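# Got a sequence here, can you model it:
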Amino acid sequence: MLSKTQTAGLFLGIAGFILPLVVTFPGLSLAGHLAMSIFLLAAVFWMFETIPIYSTSILVILLEVLLLSAEGLVFSSEGFVSGDYSPTAYTAFLSTLANPIIILFLGGFVLADASVKYNFDKYLTRKLLTPFGSNPKFIILGLMVVTGLLSAFMSNTATTAMMITVVIPIIAKMQPGDPARISIALSIPFAANIGGMATPIGTPPNAVVIAALNQQGQAITFSEWMMYAFPLTLIMLIFSWILLLKLYPPKTDRIEIDMKGKLMSTVSARLLYVTFAVTVLLWVTESYHGIKSGIVALIPVAVLTLSNSFEKKDIRKLPWEVLWLIAGGISLGIALKDTGLANWMVSLVSWDQLASLALLATFGIVTLAMSNFLSNTVTASLLIPIAISMAVSGIFEGMFGMLMVGLVVALSASFAMVLPISTPPNAVAISTGVIETKHMALAGLVIGLVGVLLVIVFSFVYWPYIL
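Here you go, the predicted structure:
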């Protein structure tokens with residue numbers, strides 16, 4: 001049974017789909033009108049979650065194959081023919097499910113889930129937290145560093161769920177009225193969201209922009225992405241730590257934490273440790289050996305499944321819906337580009353009246369606002385094709401190219417921390433009962449605004465000089 005919001009989304013989505021079919025937009029081809037129908041339907045369904053967001057992605061791919069492909073209902077040899085559109089092969093839409101970015105995420109998911117299975121994640125957490133001692137201030141810093149590091153290679157949601165189990169005993173040892181209970185609880189989702197920016201596999205928006213750039217012939221290696229995003233990640237982690245201490249300072253100067261734990265010694269566990277180390281090493285040294293990160297991602301998938309360290313039941317538990325969601329976003333970007341809809345949308349506004357810096361700031365703020373109410377992956381999937389098309393058309397002058405605007409949108413999407421619904425890590429943290437929405441909103445708003453501001457600063461004082 002649909003809720004009122006979902007029902008409203010259903011009718012709005014259908015209306016959005018029908019609108020370009022009955023209204024002619026000057027300068028837009030038949031294919032562009034069909035692409036607009038799919039875009040509006042997807043946007044509304046994603047926003048209102050009328051159906052599961054991964055189901056919307058599946059629907060997008062289906063509609064593109066039926067309405068836009070050379071083998072579909074409209075542009076096939078048996079159907080209508082349009083002289084202003086060279087139909088895209090249906091394989092272009094379906095192959096997004098095997099896009100190198102999808103494989104990259106699949107490898108990351110296998111590594112992350114295998115680490116949980118063999119308690120490697122918990123061992124890393126214990127070892128990495130040990131140097132931070134018993135002072136609450138540094139415990140919070142340690143929690144954020146460990147969470148940020150893990151979320152760079154694992155799902156933000158999985159990292160948060162694991163780290164919340166670490167902090168609950170810590171919070172239980174503190175006085176009920178100690179404000180640091182709030183800062184400790186907030187440190188986990190904030191660090192998970194920020195840490196995901198650091199690597200291509202850290203969060204889906206990173207994958208969406210890399211895929212969009214690849215379609216334009218601009219490849220980004222694993223290490224190159226880290227070079228762009230890691231300094232920003234580090235700065236924002238430190239800023240968030242300082243902000244939390246200012247807003248919710250600890251009343252005590254000592255908390256005892258149990259740091260017991262050791263590595264498992266089974267053959268499967270040892271194989272995981274070696275595979276994890278080799279995979280990450282190859283990822284971060286891609287620029288030296290030239291093996292694409294998508295190819296490297298197949299190593300853990302192959303090794304762990306061939307050795308039966310990762311079994312059939314483990315494969316079934318992987319978050320396949322996330323891969324569908326990313327594939328839908330990539331496919332939508334292909335449709336917008338190939339049909340000319342993206343360029344048509346760009347031409348509607350006199351962008352040349354705005355400075356390049358103002359355009360980047362606009363994209364950053366719009367991305368941040370949308371991501372606080374929508375999935376950051378959905379936001380990236382909607383905005384990145386438009387932003388990339390604007391860059392291709394030459395609207396961004398000088399140093400503000402495709403990569404720059406892609407980085408702004410992808411990284412700004414990770415600063416959605418105002419509401420419990422903004423990201424899954426936020427929802428997990430709020431479920432502890434230690435924090436309220438007002439606590440998250442205050443700190444999250446400041447971090448989000450400062451984060452977007454820093455992204456814009458990076459776009460003209462750092463990134464242009466390392467591109």
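# so what does the helix or strand harbouring L411 touch, helix or strand wise?
L411 belongs to helix 402-413 when elements are defined using DSSP states H and E. If you count contacts as 3 or more CB pairs under 8 Å, 6 or more residues apart in numbering; DSSP states H and E, helix 402-413 packs onto helix 204-215, helix 222-247, helix 356-371, helix 376-392, helix 437-461. For glycine as for every other residue, the C-beta is placed from the backbone atoms N, C-alpha and C.
# quick one: which of those is nearest I170?
helix 222-247 (14.4 Å; CB to CB).
# weakest of the helices and strands packed on helix 402-413 by average pLDDT?
Note on the helices and strands packed on helix 402-413: helix 376-392 shows the lowest mean pLDDT, a mean of 80.
# mind checking how far that helix is from the chain centre?
Distance of helix 376-392 from its chain centroid, counting by CA atoms, centre = their mean, to the nearest Å, is 13 Å.
# re earlier: residues of the helix holding L411 that come out buried?
M402, L403, M404, V405, G406, L407, V408, V409, A410, L411, S412, A413 (16 or more other CB atoms under 10 Å).
# now for these, which pair is the farthest apart?
Based on CB to CB, the longest span within the buried residues of helix 402-413 runs between M402 and A413 and measures 16.8 Å.
# Next, T88: phi, psi?
Torsion angles at T88 (phi, psi; degrees, to the nearest 10) stand at phi -80, psi 140.
# residues in contact with stretch 439-451?
Residues from elsewhere that reach stretch 439-451, judged by CB atoms under 8 Å, 6 or more residues apart in numbering: 182, 186, 189-190, 194, 236, 239-240, 243-244, 247-248, 368, 372, 411-412, 414-420, 422, 426, 429-430.
# Also stretch 204-213?
With contact meaning CB under 8 Å, 6+ apart, stretch 204-213 is reached by 99-102, 104-105, 196-197, 199-201, 219-220, 225, 229, 322, 325-326, 329-330, 333, 376-377, 379-381, 384-385, 388, 402-403, 406-407, 409-411, 413-414.
# how does this protein divide into domains?
1-94, 100-211+219-316 (automatic domain parsing).
# and the helix holding L411, how far out from the chain's middle?
Chain-centre distance of helix 402-413: 11 Å, with CA atoms, centre = their mean.
# Same check on stretch 446-457?
Relative to the chain's own centre, stretch 446-457 is displaced by 17 Å; criterion: CA atoms, centre = their mean.
# May I have that stretch as PDB, with CA atoms only?
Taking C-alpha atoms only, stretch 446-457 is exported to PDB below (Å, rounded to 0.1, in the frame of the first residue of the first chain):
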ATOM      1  CA  VAL A 446      27.900  23.900   9.600                       C
ATOM      2  CA  ILE A 447      30.000  21.000   8.200                       C
ATOM      3  CA  GLY A 448      28.000  21.000   5.000                       C
ATOM      4  CA  LEU A 449      28.400  24.700   4.300                       C
ATOM      5  CA  VAL A 450      32.100  24.700   5.200                       C
ATOM      6  CA  GLY A 451      32.600  21.600   3.100                       C
ATOM      7  CA  VAL A 452      31.100  23.100   0.000                       C
ATOM      8  CA  LEU A 453      33.000  26.300   0.600                       C
ATOM      9  CA  LEU A 454      36.200  24.300   0.800                       C
ATOM     10  CA  VAL A 455      35.400  22.400  -2.300                       C
ATOM     11  CA  ILE A 456      35.000  25.700  -4.200                       C
ATOM     12  CA  VAL A 457      38.300  26.900  -2.700                       C
END
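# Strands along the stretch 101-250 of the chain, start to end?
For the stretch 101-250 of the chain, no strands turn up when DSSP state E, counting those that start in this stretch is the criterion.
# Report the contact partners of I456.
Residues in contact with I456 (CB under 8 Å, 6+ apart) are L357, L360, A361, G364, V408.
# Next: G202.
Contacts for G202 (CB under 8 Å, 6+ apart) come out as S151, A152, F153, N156, G195, G196.
# Now the element after the helix or strand containing M36, going C-ward?
Taking DSSP H and E as the definition, M36 sits inside helix 30-48. Next helix or strand after helix 30-48 toward the C-terminus (DSSP H and E): helix 53-67.
# Can you get me a residue count around the closest residue to L245 other than its chain neighbours?
Nearest residue to L245 in three dimensions, chain neighbours excluded: K137, at 6.0 Å (CB to CB, 6 or more residues apart in numbering). By other CB atoms under 10 Å, 18 other residues sit near K137.
# Also L2?
Residues near L2, counting by other CB under 10 Å, number 12.
# My guess is it contacts T50. True?
Yes: with contact defined as CB atoms under 8 Å, L2 reaches T50; the gap is 7.1 Å.
# Residues in contact with both of the two, list them for me.
L10.
# My guess is P179 contacts K246. True?
No: the criterion here is CB under 8 Å, and P179 misses it with K246 at 10.5 Å.
# Which of those two has more residues huddled nearby?
Using other CB under 10 Å, the more surrounded residue of P179 and K246 is P179, with 17 against 11.
# residues in contact with the nearest residue in space to the more buried one that is not next to it in sequence?
Once flanking residues are discounted, P179 sits nearest to Y248: 3.8 Å by CB to CB, 6+ apart. Counting by CB under 8 Å, 6+ apart, Y248 makes contact with P179, A180, R181, I182, S183, L186, H439.
# got it, and G340?
Remark: with contacts taken as CB under 8 Å, 6+ apart, G340 is in contact with L28, S29, A31, G32, Y85.
# Show me the two of those that sit farthest apart.
Farthest pair in the contacts of G340 (CB to CB) is L28 and Y85. Separation: 10.7 Å.
# okay, and for the stretch 1-150 of the chain, where does confidence drop off?
Residues of the stretch 1-150 of the chain meeting the criterion pLDDT under 70: 77-84, 125.
# Would you mind pointing out the helix or strand the residue lying closest to M36 once chain neighbours are set aside falls in?
Leaving aside its sequence neighbours, M36 sits nearest to P20 (CB to CB, 6+ apart; 4.2 Å). Taking DSSP H and E as the criterion, P20 maps to helix 4-22.
# CA atoms of that helix as PDB?
Provided in PDB are the C-alpha atoms of helix 4-22 (Å, rounded to 0.1, in the frame of the first residue of the first chain):
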ATOM      1  CA  LYS A   4       0.300   9.600   0.600                       C
ATOM      2  CA  THR A   5       3.800  10.800  -0.400                       C
ATOM      3  CA  GLN A   6       4.400   7.800  -2.600                       C
ATOM      4  CA  THR A   7       0.900   8.200  -4.200                       C
ATOM      5  CA  ALA A   8       1.600  11.800  -4.900                       C
ATOM      6  CA  GLY A   9       5.000  10.800  -6.500                       C
ATOM      7  CA  LEU A  10       3.200   8.200  -8.600                       C
ATOM      8  CA  PHE A  11       0.800  10.700 -10.200                       C
ATOM      9  CA  LEU A  12       3.500  13.400 -10.500                       C
ATOM     10  CA  GLY A  13       5.900  10.900 -12.100                       C
ATOM     11  CA  ILE A  14       3.300   9.800 -14.600                       C
ATOM     12  CA  ALA A  15       2.400  13.400 -15.400                       C
ATOM     13  CA  GLY A  16       6.100  14.200 -15.900                       C
ATOM     14  CA  PHE A  17       6.400  11.300 -18.200                       C
ATOM     15  CA  ILE A  18       3.400  12.300 -20.300                       C
ATOM     16  CA  LEU A  19       4.200  16.000 -20.500                       C
ATOM     17  CA  PRO A  20       7.000  15.900 -23.100                       C
ATOM     18  CA  LEU A  21       4.800  13.500 -25.200                       C
ATOM     19  CA  VAL A  22       2.000  16.000 -25.500                       C
END
